[in-house]
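In: 3D, please:
(2 chains)
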2 protein chains.
Amino acid sequence: MTTFGDISTQEFTINDRTYRPPARPIVVICIDGCADEYLSISIAKGRMPNVARIAGEGYRGLVRGALPSFTNVNNSSICTGVAPAVHGICGNFFLDPDTGEEVMMNSAKYLRAETILAAAANAGRKVAMVTAKEKLRDILSHNLTGIAFSAEKANEAQLSTHGIDDVEELVGAPTPEIYSGDASLYVLQAGAALVEQGRADFLYLSLTDFMQHKFDPWQEESLEFHAGIDREIGRLLDAGAIVAATADHGMNAKQTADGSPNVIYLEPLLAEEFDANIKVILPITDPYVAHHGALGSLAMVHLPDSVRTDPVISRLMEIEGITEVHCRASAVRKLELAPDRIGDLVVLSGRDVVLGRSPEHHDLKAVASGLRSHGGRYEEMVPLLVSEPLNDAYCRKASGDPRNFDVFDFAVNGTKP
Amino acid sequence: MTTFGDISTQEFTINDRTYRPPARPIVVICIDGCADEYLSISIAKGRMPNVARIAGEGYRGLVRGALPSFTNVNNSSICTGVAPAVHGICGNFFLDPDTGEEVMMNSAKYLRAETILAAAANAGRKVAMVTAKEKLRDILSHNLTGIAFSAEKANEAQLSTHGIDDVEELVGAPTPEIYSGDASLYVLQAGAALVEQGRADFLYLSLTDFMQHKFDPWQEESLEFHAGIDREIGRLLDAGAIVAATADHGMNAKQTADGSPNVIYLEPLLAEEFDANIKVILPITDPYVAHHGALGSLAMVHLPDSVRTDPVISRLMEIEGITEVHCRASAVRKLELAPDRIGDLVVLSGRDVVLGRSPEHHDLKAVASGLRSHGGRYEEMVPLLVSEPLNDAYCRKASGDPRNFDVFDFAVNGTKP
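Out: Numbers count the residues shown, from 1 in each chain, chains lettered A, B, ... in the order given. Model prediction:
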């Protein structure tokens, strides 16, 4: 094995957890939208030999993500090691109670916890955070002294602001189209090059789920995409890194038998039966509408003061396809959410069902080829891969209720020396 | 491929579904307690080569089981093709409202739907139903003209009552101990021999989850057990059968950090805060206490008339580890249960939490080596394996919300000709 004499092994504590990093590069990958079936089927088809080897020689299991099973929520959890109740990012999009405006939750100003990445850099690690989607960069690079850029805007990275200015040269390829599998592979290629060149030794690589939104696990496009992921994981392993991977959320088809989106539109229903001023906020909403048309399996409902919660909960629970309805207090308790970042009600839908605002709010042309999406309970369980055997303590931890936001803990503290 | 000239291809309709069987042996296996991780890890360790091949050349995916995620409930669903609301078996154990007695739901007198097995036999198929646990035999052999016996009582099978009287000779081994992996392998060995000898061409083989209750997926005992399952599946494939497999439920560790059972005892809590006559029924209860000590992740609560449901629901939802509480109407709607076979409340607990009646009701010595159990939402998703490629219609069906009780449908109607 390569020795890495100059890698800091200084321990650090952040958000009540202590990390004792070994003197090897640590790479944590968030395979956006990686339902476990994508790995199982790609392995079965012989397209992920490195991941198959990790599963055999290291660890493969299932971990529970944070709800809502959306990207910003879970990337924030993974990078802080805590639940949304603590870090505050409870959706991609929310109704800001201070302003009454509906806004993206893409800014670090909404983040209430420091990141593991910033703490590792402060402890002497050479940290790199590479994300496919620009929307995540501000949150995940909060207070970070190191490299932080997105594949989407790779050609805009500047030394003064991103800690790097030669990304296209590093990767050997131009900035990719965001609606592509290449946007994810670009992240991994950049990460592998950074490790190979000794420019980073503590990395977070966050992909995009465009391909998972568009393809079933057994389709050739998906298999080819996962073969690409596997190839770059192989490069990282060859470079001597400890590689751990998880997902922000799973992915399920959300279609009726005829292939059209299987949507429950909440606003017209609630307007007719309760009050026209009931507002439905869909926290999956983000700039990447081609992925999902803003249709996911969790919705926030804001009620005017004149409307009582209990009758609305009872009515919503009568609807087929709705699986859970929580009042704010219950959502705080059971879904680990921050009370000021959610609706009066939090509504979840089934494995093949999404929640919409009203038909006018959604452009279904974006998902005409078939809707696959996430956000609810059926996208909560996701894979955990660790490239080395777990030590006894983390083997016990794995056999409990491990979370996807324990992934840095597993990667740093969980392997045998 | 072997030709099977004498196998009936007569179609039959049962419980609103039509089955058009091909002229090949059809074998459906219920791998009791098979959380998907058991397959993933056994494959990764090279211990299930036949299942790995099925996943590559046929189909592997996830299907949603019936709740409660218990054995009798899901075996009944698999053999009838319908939800518990229709077939009536809503637990292993229940409070019979007609008698007021707490009884096992092991008898066909509780079954409200005919089975696919009986219908296949009536359509000219040579049917065999082999179960590890005797407790399932009466339900699953209801109105069946064919072979039906349990591994547990293999040596008691008689031609007049079981359709076979030479089981030990057939298998070439004595009746196995029920608390063993051998009890499951015996079922598969019997099934393989019946197909090889042309004595059955439409089989349901239901295993027992003793090993999954006792071992994590990565432990050698589990790997060796799964290698045994794989070996018998290979025999069935060699004999020309279409093999489909699913599980009745998954399995999770239910322990605190010190390894003791992670139990919420409901009766003392409800007695103290509401009424001493509130009765908690645990529908996991069965004759096989060494498996789980009657501790699972779903409980029925029966309230005296004087106790209102809403305050009890609110109180239970405050408790950490309890994930869902349904009133009877909600349980009928959301959990597909029969109203007269459940409690006034249905309570579910988390991935690592079980529900108990009171400390005096449970013998924790039976699970002192570590409690692994099931019954709730986190044991709802289970694998589906089909040994042949799916046809286009069933590929679409697989990419929706397929159920474990669609397994006969997939095996019979779902493969390419």
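In: got the domain boundaries for chain A?
Out: The record's domain split for chain A, according to automatic domain parsing, is A:12-250+A:380-413, A:263-371.
In: Could you see whether chain B lies near the last one?
Out: Yes - where contact is defined by CB under 8 Å from any CB of the partner chain, part of domain A:263-371 touches chain B, namely A:317, A:318, A:320, A:323, A:324, A:330, A:333, A:334, A:350, A:351, A:352. All C-beta spots, glycine's among them, are computed from the backbone N, C-alpha and C.
In: circling back to that earlier point, in TSV: the domains of chain A, plus distance to residue B:388, mean neighbour count and mean pLDDT.
Out: Formatted as TSV, those follow (distance: least, CB to CB, whole Å; neighbours: other CB atoms under 10 Å in any protein chain shown; pLDDT from 0 to 100):
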stretch	distance to residue B:388	mean neighbour count	mean pLDDT
domain A:12-250+A:380-413	14	22	97
domain A:263-371	24	19	94
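In: Tabulate the CA atom coordinates of stretch A:344-358 in CSV.
Out: Only the C-alpha atoms of stretch A:344-358 are listed here, as CSV (Å, rounded to 0.1, in the frame of the first residue of the first chain):
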residue,chain,number,x,y,z
ASP,A,344,-48.3,23.0,9.7
LEU,A,345,-48.7,19.5,8.2
VAL,A,346,-46.2,17.2,6.6
VAL,A,347,-47.8,14.7,4.1
LEU,A,348,-46.1,11.6,2.8
SER,A,349,-47.2,9.4,-0.1
GLY,A,350,-46.6,5.8,-1.2
ARG,A,351,-44.0,4.0,-3.2
ASP,A,352,-45.6,4.8,-6.5
VAL,A,353,-47.3,8.1,-5.7
VAL,A,354,-46.2,11.7,-5.8
LEU,A,355,-47.9,14.8,-4.3
GLY,A,356,-48.5,17.9,-6.5
ARG,A,357,-49.7,21.4,-5.7
SER,A,358,-52.2,21.9,-8.5
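In: How about the closest residue to chain B within the stretch 201-350 of chain A: what's its closest non-neighbour residue?
Out: Across the stretch 201-350 of chain A, the shortest distance to chain B (CB to the nearest CB) belongs to residue A:253, at 4.5 Å. Counting by CB to CB, 6 or more residues apart in numbering or on different chains, residue A:253 lies nearest to residue B:399, which is 4.5 Å off, once chain neighbours are set aside.
In: so where does the closest residue to chain B within the stretch 51-200 of chain A fall, helix or strand?
Out: Scanning the stretch 51-200 of chain A for the residue nearest chain B gives residue A:55, at 3.5 Å (criterion: CB to the nearest CB). Following DSSP states H and E, one finds residue A:55 within helix A:49-57.
In: Next secondary structure element downstream of that helix?
Out: Downstream of helix A:49-57 (by DSSP H and E), the next one is strand A:59-64.
In: Where does residue A:200 sit: helix, strand or coil?
Out: coil (DSSP: H, G, I helix; E, B strand; the rest coil).
In: Next up, the contacts around it.
Out: By CB atoms under 8 Å, 6 or more residues apart in numbering or on different chains, the contact list for residue A:200 reads A:25, A:126, A:127, A:128, A:146, A:147, A:191, A:194.
In: Please report how far it lies from residue A:242.
Out: For residue A:200, the distance to residue A:242 (CB to CB, to the nearest Å) stands at 14 Å.
In: which residues do these two both contact?
Out: With contacts taken as CB under 8 Å, 6+ apart, residue A:200 and residue A:242 have residue A:25 as neighbours in common.
In: Let me know the distance separating the residue minimising distance to the centre of chain A from residue B:210.
Out: Closest to where the C-alpha atoms of chain A average out (CA atoms, centre = their mean) is residue A:248, at 2.7 Å. Going from residue A:248 to residue B:210 by CB to CB gives 36 Å.
In: and what of residue A:58?
Out: Residue A:58 is 28 Å from residue B:210, by CB to CB.
In: go on, residue A:101?
Out: Per CB to CB, residue A:101 is found 58 Å from residue B:210.
In: now do residue A:276
Out: With distances taken as CB to CB, residue A:276 is found 58 Å from residue B:210.
In: And residue A:149, by the same measure?
Out: Applying CB to CB to residue A:149 and residue B:210 gives a distance of 53 Å.
In: Could you pull up the residues touching the residue in the stretch 251-400 of chain A that chain B sits nearest to?
Out: Across the stretch 251-400 of chain A, the shortest distance to chain B (CB to the nearest CB) belongs to residue A:352, at 4.1 Å. Shown in contact with residue A:352 (CB under 8 Å, 6+ apart): A:252, A:253, A:254, A:255, A:262, B:400, B:401.
In: roughly how far apart are residue A:365 and residue B:342?
Out: 44 Å.
In: no no, residue A:153
Out: The value you get for residue A:153 to residue B:342, if CB to CB is used, is 55 Å.
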